[in-house]
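K.L.:
Predicted structure and sequence below. I'll ask about it afterward.
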Amino acid sequence: MKTAVMFAIAVGVAAGASAQEKTAFPTPAWSRTKAAVQDRGSAVERGGAVFNNWCSACHGKDVRNAPGTVSLEYKYQGKSPAALEDRRNLTSESVKLFVRKGVATMPFYRKTEINDADLEALAAYLTQAKP
């Protein structure tokens with residue numbers, strides 16, 4: 001009960017503290033999901049939507065909300081970009097393998113979650129030529 005009251009007070013204070021401070025808390029990763037349409041545009045555009053809807057919660061560039069990016073940052077120690085969108089060495093085959101089989105704490109995704117067409121688009125997005 002005491003914890004619930006303290007939480008309610010904290011939320012009330014944060015919500016009403018100031019209309020000028022709209023970002024009192026960092027954007028939660030899960031709020032970015034289902035933000036884009038996955039079935040329109042080029043393969044790369046569709047892949048970007050697939051990434052946003054399925055992958056960005058763990059692999060986004062904002063490390064405050066991206067445990068997958070933090071994990072890769074620790075693993076690569078600056079030798080390779082931690083954010084998947086910044087990588088230049090990903091292959092279509094490796095993206096598909098990790099999505100279907102999972103790796104370390106990353107779960108695998110079934111075809112009912114990310115179908116083959118969406119997986120192809122995701123691979124196109126993550127392996128596109130980057131400046």
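P.N.:
Okay, I see it. Numbers count the residues shown, from 1 in each chain.

K.L.:
and Asn89, that's in a strand?
P.N.:
No. Under DSSP: H, G, I helix; E, B strand; the rest coil, Asn89 sits outside any strand and is assigned coil.

K.L.:
gap between it and Arg100?
P.N.:
Separation of Asn89 from Arg100 (CB to CB, to the nearest Å) stands at 20 Å. For every residue, glycine as well, the C-beta is placed using N, CA and C.

K.L.:
which of the two has more neighbours?
P.N.:
Arg100 (14 against 8; other CB atoms under 10 Å).

K.L.:
Look up phi and psi at that one.
P.N.:
phi -80, psi -30 (degrees, to the nearest 10).

K.L.:
Contacts only, for the closest residue to it other than its chain neighbours.
P.N.:
Leaving aside its sequence neighbours, Arg100 sits nearest to Phe108 (CB to CB, 6 or more residues apart in numbering; 5.9 Å). Shown in contact with Phe108 (CB atoms under 8 Å, 6 or more residues apart in numbering): Val99, Arg100, Lys101, Gly102.

K.L.:
Buried ones among those residues?
P.N.:
Among the contacts of Phe108, those scoring as buried are Val99 (criterion: 16 or more other CB atoms under 10 Å).

K.L.:
Could you dump the contacts of Phe108 into JSON lines and include secondary structure, distance to Glu113 and pLDDT?
P.N.:
Output for the contacts of Phe108, formatted as JSON lines (DSSP: H, G, I helix; E, B strand; the rest coil; distance: CB to CB, whole Å; pLDDT from 0 to 100):
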{"residue": "Val99", "secondary structure": "helix", "distance to Glu113": "9", "pLDDT": "97"}
{"residue": "Arg100", "secondary structure": "helix", "distance to Glu113": "10", "pLDDT": "97"}
{"residue": "Lys101", "secondary structure": "helix", "distance to Glu113": "14", "pLDDT": "96"}
{"residue": "Gly102", "secondary structure": "coil", "distance to Glu113": "12", "pLDDT": "94"}
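
K.L.:
quick check, nearest of the contacts of Phe108 to Tyr74?
P.N.:
Closest to Tyr74 out of these is Gly102 (18.4 Å), distances taken as CB to CB.
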